[in-house]
Structure formats: structure tokens, C-alpha cells
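1. Just need the structure, nothing else, for what follows:
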Amino acid sequence: MRRYAVAFLGFGNVAKALERLLQSRRSELAVRYGVSCQVTGVASRSLGWWADASGLTPTSPQSATRCYDIGDWLLTARPDVVFESIALDAHTGQPALDYLAETLRSGVHAVSANKGPVVYGYQRLNALADSHAKLYRFEAAVMDGAPVFSLVRRCIPLAGIHCVSGVFTSTATVVLEAVEHGGSIDDGIREAQALGIAESDPTYDVDGWDTAVKLCAVSNVILERALRPTGVRRTGIRDLDPTIIRAAHRDGHPYRLVGRVSVDHDAVDASVQPEQVPAGSALAVSGATLVTHYDAAVFPGGLTMTSFAPDLTTTAYGMFADFLECIGAT
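-> The predicted structure follows:
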């Protein structure tokens, strides 16, 4: 039985769901992979930095050793894998980017739910991972655990993908549906927050920043074209007239916030904007449902991946699946 030491960098709702998932799958991990897991580190703004290489309880780690920075924490926790899920910074990817770089330099696998570092440091982090024979994985960064990057990497390599589009933020959909049923933008934001699906700053979702960052991650990794959020044409849903939103819904062509990124030779084009979509189409999602559509040379009609009503466990599963890949690579 191989013991894997794991550490949580960020211990919010997603990390807690992941910790529960690891516990609930411990028998399968033992039988199928010959692996047991032990939490040796936890760090968050509210908890501080705590580590104990012999193990700790992440919800109450105060009996462990208090650390003071990422380097001290990694040395004390001695993890095999770090799970990073701190808050998104859509403009720099920091401090997660530096934390992940230090993790990989220390010879530790890095599994992240954070799209910021993918946008601002994917090439750097991937090179660090390769140089230390470790993995940097981030499946939960775009579609809450449904396969986006691993689908392309494992299942459709060299498929000639030239465009990726979809509905990448469930908050915007929940807000639009609230308006469709007579509410306001603020009513929809409160509903999304109650469901636990909104970013810590919901304006990122409503104003299109969250989708723009996800498009950049897709462009950098799948389309292999460098893209930053400032290069994405962005129109949010805040300025849509409520009466127009309701009329579009009644007419069977509801508004949804659609992101799209495409390549043509060396040129990359990306946009986020509210679009009217036909009822019944893949983009006419409801609630928390997310959808990603790939246009590729080998799929004349495209390939669509839909995740119906993902929740925190779905997002946690993306990190769990990445963890299994790390096990296989060790």
C-alpha cells in the first residue's frame, strides 16, 4: 500500500468537498490503486498555514505545526500532491501562480481548480512540472469537473480543433432566468450565491470576466494560442433590458452568455456576449448546467459536452480525477 500525503492550499467549499470525496473513495483507492491518503497540510486565509508530515485534521489543524509561508509549509507537510483552490484573480493569476510554481519546484504534483494560473502561467508551470517529472493538472478550472482538457488530451488528440464555444458560467444563466421570471439582476445574483455557484465576486460572472478567463485557458492549452482577458471582446448581461430578456424567453429564443474562441492560422478571435439561442439547442441551458462545444476537422457537426447541474462534488471530482492521474504518473 502506497501512502500519499496530500495538502490543501485553500480550504473552502470545493476543497472540503474534495476531502469528503477522498474519504468516501478510500476503499476503491486501496483496492484499485494500492493507495491510501493522508492529509499533511492545510492553508487558507482564515486558518493560516498548518502542516504535520504524520497527518492532521484539516478542519481543526491547530495541533499541527504553524508555518509562515509556502516554502516552510511544503517542507513541513512533505506532500506528494498539493490541491490548490484559492480565490481567482482574473487579472494576474496571483498568488496562486507563484504558489503552484513553488510547489512544482519542490518536486510535488500540483492539482488546481484555479483558471488564473492557466491563463497567466501555463507554459511556465508546465515546463516546471516536466523538469521535475511531476504533473500540473487543472481539469476543474473551466467546466466544474466535466472533462475539457483531459478529453482533448486523452480522447481526441490531433482532432483539428479550431473553435471552442459554450456556456461557461452558471451564475449568468441563473441571473438571466431570474429576470425571465420577473426578477432583477440582483435577485438572480442572490439566488446564485444561495446555490453556492457564484464567484466570490459575482460581477466576474455577470460582466463576463469569468468566461473570458476560461476562454483564455482553453486557447492557451487546447488551441495552443496565447490569449489574455484583455484580448477577449467582452459584453456582460448587466445592461440587457429586462423587458427584452423576458420577450426573448417568451419567443423561444432566450438570452444566454456565450463564450467563443477560434483560431485561423496564427490569428485567434475570442468573445463573450449575451446571445439569443434557440430553445432546445445545446446552448439553451437552464440552472447550473454548463456546455462546451468543439468544432474540429474530424467532427463535421462538432462535438458537445454538457454537464447538467454540476455541484461542488462535481468540481471536486475534477481535482480527484487529476489526483488519479498523478498516482499513475508516480
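
2. For the residue nearest the centre of the chain, give me its contacts.
-> The residue lying closest to the centre of the chain (Cα atoms, centre = their mean) is residue 141, at 1.5 Å. Contact analysis of residue 141 by Cβ atoms under 8 Å, 6 or more residues apart in numbering lists 112-115, 118, 214, 217, 318. For the C-beta atoms, the positions are set from N, CA and C on the backbone; glycine is no exception.

3. what's the closest of those to residue 281?
-> residue 214 (20.2 Å; Cβ to Cβ).

4. Beyond the helix or strand harbouring that closest one, next helix or strand please.
-> In this assignment (DSSP states H and E), residue 214 forms part of helix 209-218. Where DSSP H and E defines the elements, the next helix or strand beyond helix 209-218 is strand 233-234.

5. Neighbouring strands of that following strand in the sheet, and parallel or not?
-> Paired strands of strand 233-234, with direction, are strand 267-276 (parallel) (DSSP bridges).

6. mind listing what's buried in the partner strand?
-> Neighbour-count burial for strand 267-276, with 16 or more other Cβ atoms under 10 Å as criterion, is recorded at 268-276.

7. Please apply the same query to stretch 54-65.
-> Neighbour-count burial for stretch 54-65, counted by 16+ other Cβ under 10 Å, picks out 56, 58, 61, 64-65.

8. Most widely separated two among the residues you listed?
-> Counting by Cβ to Cβ, the most remote pair of those is 58 and 65, 14.2 Å apart.

9. circling back to that earlier point, strand 267-276 and the helix holding residue 214, what's the angle between them?
-> Following axes from the mean of the first three to the mean of the last three Cα atoms, to 10 degrees, one obtains 150 degrees for the angle between helix 209-218 and strand 267-276.

10. by contact count, what packs against helix 209-218?
-> The helices and strands touching helix 209-218, judged by 3 or more Cβ pairs under 8 Å, 6 or more residues apart in numbering; DSSP states H and E, are helix 115-131, helix 140-143, helix 203-206, strand 255-264, strand 267-276.

11. Turn the ones you listed into CSV, columns for mean pLDDT and distance to residue 307.
-> Converted to CSV, the helices and strands packed on helix 209-218 look like this (pLDDT from 0 to 100; distance: least, Cβ to Cβ, whole Å):
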stretch, mean pLDDT, distance to residue 307
helix 115-131, 96, 16
helix 140-143, 94, 6
helix 203-206, 87, 16
strand 255-264, 97, 15
strand 267-276, 97, 19
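
12. Please identify the most buried of the ones you listed.
-> Burial of those is given as mean neighbour count (mean count of other Cβ atoms under 10 Å); helix 140-143 ranks first at a mean of 28.

13. what's the offset of it from the middle of its chain?
-> 3 Å (Cα atoms, centre = their mean, to the nearest Å).

14. And for whichever helix or strand comes after it, what's in contact with it?
-> Next helix or strand after helix 140-143 toward the C-terminus (DSSP H and E): helix 149-150. Helix 149-150 is contacted from outside by 137-139, 142, 221-222, 321, 325, using Cβ under 8 Å, 6+ apart.

15. And for stretch 229-244?
-> 90-91, 119, 172, 175-176, 179, 184-185, 206-209, 212-213, 215-216, 255, 257, 261, 268, 270-274.

16. could I have it exported to CSV, CA atoms only?
-> C-alpha atoms of stretch 229-244 as CSV (Å, rounded to 0.1, in the frame of the first residue of the first chain):
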residue,chain,number,x,y,z
PRO,A,229,-8.6,38.5,-21.0
THR,A,230,-7.8,42.0,-22.4
GLY,A,231,-7.8,40.3,-25.8
VAL,A,232,-11.3,39.0,-25.4
ARG,A,233,-14.2,41.1,-26.7
ARG,A,234,-16.5,41.2,-23.6
THR,A,235,-20.1,42.2,-23.1
GLY,A,236,-21.8,41.2,-19.9
ILE,A,237,-25.5,40.8,-19.2
ARG,A,238,-25.9,43.7,-16.8
ASP,A,239,-27.0,46.2,-19.5
LEU,A,240,-29.6,44.0,-21.1
ASP,A,241,-33.1,45.5,-20.9
PRO,A,242,-35.2,43.2,-18.6
THR,A,243,-38.2,43.5,-21.0
ILE,A,244,-36.1,42.3,-23.9
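
17. For residue 21, give me phi and psi.
-> Dihedral angles of residue 21 (phi, psi; degrees, to the nearest 10) stand at phi -70, psi -40.

18. ok, so what distance separates it from residue 15?
-> Using Cβ to Cβ, to the nearest Å, residue 21 is found at 10 Å from residue 15.

19. Neighbour count: those two, which is higher?
-> Using other Cβ atoms under 10 Å, the more surrounded residue of residue 21 and residue 15 is residue 15, with 24 against 17.

20. Could I get the contacting residues of that one?
-> Neighbouring residues of residue 15 by Cβ under 8 Å, 6+ apart: 8, 58, 83, 85, 316.

21. any weak-confidence spans in the stretch 101-250 of the chain?
-> Applying pLDDT under 70 to the stretch 101-250 of the chain flags the ranges 199-200.

22. returning to what we had before: want to throw the buried residues of stretch 54-65 into CSV with distance to residue 25 and pLDDT?
-> Output for the buried residues of stretch 54-65, formatted as CSV (distance: Cβ to Cβ, whole Å; pLDDT from 0 to 100):
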residue, distance to residue 25, pLDDT
56, 20, 97
58, 17, 95
61, 22, 93
64, 24, 95
65, 28, 97
